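Visitor: what follows is a predicted protein model with its sequence.
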Amino acid sequence: MHKSQGWPREPEFSGFFTDYERLPRTARKIVDLTTGATLRYSVTLNRWDERSPRLRGIRAVATLPGERKPACWLRYDLIEDGGTYQTDDDFWYVCDALSGQLERLATGLIESCGSEIGDVLCQGPILHFERLEVKQELRGTGLGVALAQRLLLELVERFNPVLLVLCPYPLQFENCHTEREVSAREQASYKRAFDSSRQRLARLYERGFGVKRLHKGSDYWGTGLSGCHLMQGRDGWVLW
């Protein structure tokens, strides 16, 4: 498998794998004292019906002092209950209706949880760290994780989520795949490269956010927030 066949992906001309979203003028602004960067973020609200979970999409863009173009951009999703107990089926149905990524998140949480997701939402919202992109020339500086941590503090103070969950997926492999025609050796090379990149990213997030794998074989890592603790057991993870 070669780069010309689609992996690993190269960043676009902007320095990002995916173009960042423009924020409205009403976006909130915070300054990270450690890096000096200015973070602007907005919060949108999606709701399936009056009793379904509420989804708040949180989009943020960060610029460094003296710069006009973003140094990184971030996305979080905040999932809150709808004022009534949510069964696993309710939770999955709403997430599936909103996006494929949220459907995968719902499936991953339900399959690895030792109780009902509704038991978690009764304690507080679930915060999904969806995406972090750092401009190519700034990668490896620690900037992205530092700004994601700063925004996390802001969101915890504002919304009191009880669970942070994320999927450490290396973006250079996003939307990439091996062709059926390639040799087993090339497929193995692709898998080794992906697994190595994912392990490095998982370790970075474990250090930066204190997360751990929700369950053996799970694609998701998590940790408790707002005074809640994540416990792992034989039947899956629980929050207390």
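Guide: That came in fine, so what should we check first?

Visitor: what about the strands in this structure?
Guide: Assigned by DSSP state E, the chain shows strands spanning 28-31, 38-47, 54-63, 72-80, 126-134, 163-166, 212-213, 221-224, 230-233, 236-239.

Visitor: list the contacts of the second one.
Guide: Contacting residues not belonging to strand 38-47 are listed as 23-24, 26-32, 54-63, 65, 74, 78, 82, 98, 147, 150-151, 154 [C-beta atoms under 8 Å, 6 or more residues apart in numbering]. For the C-beta atoms, the positions are set from N, CA and C on the backbone; glycine is no exception.

Visitor: want to throw the strands of the chain into TSV with distance to Glu111, mean pLDDT and mean neighbour count?
Guide: Converted to TSV, the strands of the chain look like this (distance: least, C-beta to C-beta, whole Å; pLDDT from 0 to 100; neighbours: other C-beta atoms under 10 Å):
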stretch	distance to Glu111	mean pLDDT	mean neighbour count
strand 28-31	35	96	13
strand 38-47	24	89	16
strand 54-63	20	94	21
strand 72-80	17	95	23
strand 126-134	15	96	23
strand 163-166	13	98	24
strand 212-213	13	96	16
strand 221-224	13	98	22
strand 230-233	14	91	14
strand 236-239	8	94	19
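
Visitor: quick check: which of those is nearest to Ala193?
Guide: Checking the strands of the chain against Ala193 by C-beta to C-beta gives strand 126-134 as the closest, at 19.7 Å.

Visitor: tell me what that closest one is packed against?
Guide: strand 72-80, helix 100-112, helix 143-159, strand 163-166 (3 or more C-beta pairs under 8 Å, 6 or more residues apart in numbering; DSSP states H and E).

Visitor: Arg158: neighbouring residues, count only.
Guide: Residues within reach of Arg158, counting by other C-beta atoms under 10 Å, total 12.

Visitor: coming back round to it: Throw the helices and strands packed on strand 126-134 into JSON lines and include distance to Phe16, thanks.
Guide: Listed next are the helices and strands packed on strand 126-134 as JSON lines, based on distance: least, C-beta to C-beta, whole Å:
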{"stretch": "strand 72-80", "distance to Phe16": "7"}
{"stretch": "helix 100-112", "distance to Phe16": "18"}
{"stretch": "helix 143-159", "distance to Phe16": "11"}
{"stretch": "strand 163-166", "distance to Phe16": "19"}
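
Visitor: mind listing what the closest residue to Ser112 other than its chain neighbours touches?
Guide: Excluding its sequence neighbours, the residue lying closest to Ser112 (C-beta to C-beta, 6 or more residues apart in numbering) is His215, at 3.8 Å. By C-beta under 8 Å, 6+ apart, the contact set of His215 is 111-112, 232, 236-237.

Visitor: now for these: which two are most distant?
Guide: Going by C-beta to C-beta, the pair spanning the contacts of His215 furthest: Glu111 and Gln232, at 14.0 Å.

Visitor: can you list the buried residues in the lengthiest helix in the chain?
Guide: Selection of the longest helix in the chain by residue count, based on DSSP state H, yields helix 184-209. Going by neighbour count (16 or more other C-beta atoms under 10 Å), the buried part of helix 184-209 is 190, 193-194, 197-198, 201-202, 205, 209.

Visitor: just name whatever secondary elements that helix is in contact with.
Guide: Secondary-structure packing of helix 184-209 (3+ C-beta pairs under 8 Å, 6+ apart): helix 143-159, strand 163-166, strand 221-224.
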